[in-house]
Structure formats: C-alpha cells, structure tokens
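# model the structure of this input:
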Amino acid sequence: MRTSPRDGSAGCGGAIVVPSSPDSARNGRSMYLLDGRRVTLLDLIEAGLLGPDSRLRFGRPRIGTVHYAVVTANGGVVIDDGQEFRSPSRAAAIAADMRTVDGWHAWVDESGRSLDSLRSELLDAVAREAITEETAGDEALAIPQRRHEYLKDARARADEGKSVETTVRELLSLWGARVRSHRISQRIDADLANHGLATSPKLPEGYPRRHCRASRRVRGITGGTTSWSPYLN
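Below is the predicted model:
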C-alpha cells in the first residue's frame with residue numbers, strides 16, 4: 001500500500017490510501033471523484049463517455065431555440081460564437097443569454113444523453129471498480145463509496161420530489177467531520193455538485209445544530225431546516 005496526495009483542485013489536502021498495483025494510479029485518481037473533487041468534462045473524455053469534438057445540443061422548446069456547442073480535447077465547451085468555457089453551465093448561460101443555467105442538465109450529446117447522465121455513469125463505474133479483492137477491507141476506500149451511495153439515493157428521491165431530511169451533524173459525519181471548516185465545505189460542495197445537489201443556504205459554520213432537507217426543487221430555508229437544491233457548475 002502507499003499514500004497518494006489528494007488532487008489539488010479539490011483544495012482538501014491530506015492523503016488517501018490506494019493499492020500498490022499497476023492500476024493504483026488510476027484507482028487513486030478515480031477515487032478523488034468520490035471524495036472531494038468535481039467531475040469535469042475531461043474526466044468524461046478520459047473515461048470514454050464523451051469524445052473530443054463531440055457536438056452538444058441545448059434545446060429550448062418553449063421559445064423554439066436550439067444552441068449548439070463542441071467539446072474540446074482538453075474538456076472545454078465552445079459555443080456557436082466561438083467562446084470557450086471550462087464550465088458547461090457558464091457555456092449554456094452565455095449561449096442562451098440567461099443569468100444561470102444548469103449546463104450539466106441542459107447540454108445533451110449526439111445520442112440525447114445529458115452531461116449529468118454521463119457524470120452519474122462515471123461515478124457509478126468508479127464506485128464499482130474501487131471494490132476489488134485487494135481493496136475490499138480498505139476503510140479509506142469504503143467510506144467514499146458509502147457516501148456515494150447515500151448521495152445517489154438522495155438525488156433519486158429529490159428527483160421524485162421526496163425530501164430526505166437529516167441533521168447537519170449527520171450530514172457532516174458522512175465526511176468524517178464534527179465541525180464545518182472551509183476544507184470540509186469544499187469537499188462537501190464538490191461531492192454534492194457531482195450529484196447535482198447543493199445546500200441552500202450554505203451549512204452553518206462551526207458546530208452543527210440544524211436539520212437538512214434534500215430536494216432539488218426547494219431553494220429556501222424555513223423552520224430552521226436547510227434545503228438541497230441543484231448546483232450550477
């Protein structure tokens with residue numbers, strides 16, 4: 001076994017344990033996607049789920065408009081006017097001249113699958129591949145996988161309009177934390193974003209006492225509860 005530093009883009013520091021096998025580098029990098037780093041279009045390309053030069057479409061049937069974009073080899077999105085963006089949501093917002101758009105849901109590939117669907121498929125594949133005979137007893141790998149399953153279930157329920165309510169303390173415990181720090185906040189925001197979720201408003205700083213309600217549709221805060229809503233990234 002060896003330790004591998006977390007991806008710098010997660011802003012988390014620390015290290016996780018990954019197996020010392022020929023696939024260890026791939027395994028370790030993949031596990032970051034379950035533990036504090038946002039999935040990018042480049043991740044989808046490297047996983048073979050999205051090809052460079054793939055055409056994306058953002059249809060707006062209510063006004064009879066369709067926007068198009070092309071995925072670059074480095075994971076960028078080039079819209080019709082030639083502007084390139086790293087964020088699918090930013091690309092969609094500029095293309096549609098809108099304030100905010102969830103680009104992971106708005107853009108679909110040539111087969112009609114949304115980027116969000118491809119992202120979910122990648123995360124599921126990473127979770128499956130993480131459990132092997134060599135890693136089955138590795139708690140450092142098991143914890144992010146359990147968290148993935150929890151968030152996957154929360155997203156499924158939220159899509160059905162069903163709230164998943166938990167205390168902030170219990171939510172933080174999924175990331176092994178008792179107090180919400182900036183580091184933990186970054187990890188939570190990244191993992192929630194990968195499942196199309198976010199806390200709105202943000203979780204309270206310091207020692208947690210509130211309750212959280214998981215929902216993609218509820219955006220406000222009432223009765224001392226925090227709602228989960230879609231994340232635009």
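# run a quick neighbour tally on Phe167.
One correction, residue 167 is Thr, not Phe. Residues contacting Thr167 under the criterion other CB atoms under 10 Å number 14. Using the backbone N, CA and C atoms, a C-beta is placed for each residue, glycine as well.
# now do the phi/psi pair for it.
Note on Thr167: its backbone torsions stand at phi -80, psi 160 [degrees, to the nearest 10].
# run through the bridge partners of it.
As for beta bridges, Thr167 partners with His211 under DSSP bridges.
# ok, now how distant is it from Leu174?
Per CB to CB, to the nearest Å, Thr167 is found 11 Å from Leu174.
# next one: Ser89
From Ser89 over to Leu174 (counting by CB to CB), the distance is 25 Å.
# tell me which of the two has more neighbours.
It is Ser89, of Ser89 and Leu174, that has more neighbours when counted by other CB under 10 Å, with 22 against 16.
# SS state for that one?
Using DSSP: H, G, I helix; E, B strand; the rest coil, the structure places Ser89 in helix.
# now it. Nearest residue, chain neighbours left out?
Excluding its sequence neighbours, the residue lying closest to Ser89 (CB to CB, 6 or more residues apart in numbering) is Gly103, at 3.6 Å.
# give me the neighbour count for Ala92.
Neighbours of Ala92 using other CB under 10 Å come to 27.
# now Thr40
Residues contacting Thr40 under the criterion other CB under 10 Å number 19.
# quick check: pLDDT value at the residue nearest to it when sequence neighbours are not counted.
Excluding the flanking residues, the one nearest Thr40 by CB to CB, 6+ apart is Gly75, at 5.4 Å. Here the pLDDT value assigned to Gly75 is 96.
# try Asp109
Asp109 is assigned 97 on the pLDDT scale.
# my read: it touches Ser117, true?
No: using CB atoms under 8 Å, Asp109 is not in contact with Ser117; the gap is 9.0 Å.
# which one's more surrounded, the two?
Applying other CB under 10 Å to Asp109 and Ser117 shows that Asp109 carries more neighbours, namely 19 against 16.
# which residues touch the more buried one?
For Asp109, the contact set (CB atoms under 8 Å, 6 or more residues apart in numbering) comprises 50, 54-57, 115, 118.
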